[in-house]
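In: Just to be clear, the model below is a prediction. Sequence and coordinates:
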Amino acid sequence: MPNIKYTLEDLRVNPGLKLPPFNLVIERGLVDRFCRATGDDGANWQNEAPPVLALTLGFGQMLEVISADDITVLHGSSELESLKPLEVGQEVTVETSLLSLRERPGKMGLSSFLNFEMQVTNKQGELLARVCQLAIVYSA
């Protein structure tokens, strides 16, 4: 993943901003670590990954892009539409777009609510999963 940083101002003036797509392989070790982290024994996930793994695939990129020293980023919510299985050994592409940004002043400073959509596709371009995530950003 390229090391790109956006300020909240960058995001305000670029509605619909698309982050650079990135490729990754759904590796056996990734599936095993995810299962351990979620308390799943992994017995049902030998050839496929748990569908909820898709929730994690683009979130790190989203955090990287909007992280800065003077802000705090919190996870607000997630929605997952799982269309096809994520198979172990499969190469996927994750594309992330900013859907909307709204802001609200508060006692602690400005709060920004960023809605991102991540689409996970296979090498054939088939949509495997769509994830919508809300990031809540506090800046002083």
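Out: Noted; the coordinates are in hand.

In: ok, Leu98 touching Asp10?
Out: No: between Leu98 and Asp10 there is no contact under C-beta atoms under 8 Å: 10.0 Å. Bear in mind the C-beta positions are built from the backbone N, C-alpha and C, glycine included.

In: The two: which is more packed in?
Out: Leu98 (22 against 14; other C-beta atoms under 10 Å).

In: In contact with the more buried one, which residues?
Out: Leu98 makes contact with Leu11, Asn14, Pro15, Gly16, Leu17, Lys18, Leu114, Asn115, Phe116, according to C-beta atoms under 8 Å, 6 or more residues apart in numbering.

In: still on that earlier bit, what do Leu98 and Asp10 both touch?
Out: Here Leu98 and Asp10 have Leu17 as joint contacts, going by C-beta under 8 Å, 6+ apart.

In: max-length strand in the chain?
Out: strand 91-106 (DSSP state E).

In: Please point out which parts of that strand sit buried.
Out: Under the neighbour-count criterion of 16 or more other C-beta atoms under 10 Å, strand 91-106 has Val92, Thr93, Val94, Thr96, Leu98, Leu101 buried.

In: now swap in stretch 108-120 and tell me
Out: Neighbour count says stretch 108-120 has Ser111, Ser112, Leu114, Asn115, Phe116, Glu117, Met118, Gln119, Val120 buried, by 16+ other C-beta under 10 Å.

In: what do you get for stretch 45-54?
Out: In stretch 45-54, counting by 16+ other C-beta under 10 Å, buried: Trp45, Glu48, Ala49, Pro50, Pro51, Val52, Leu53, Ala54.
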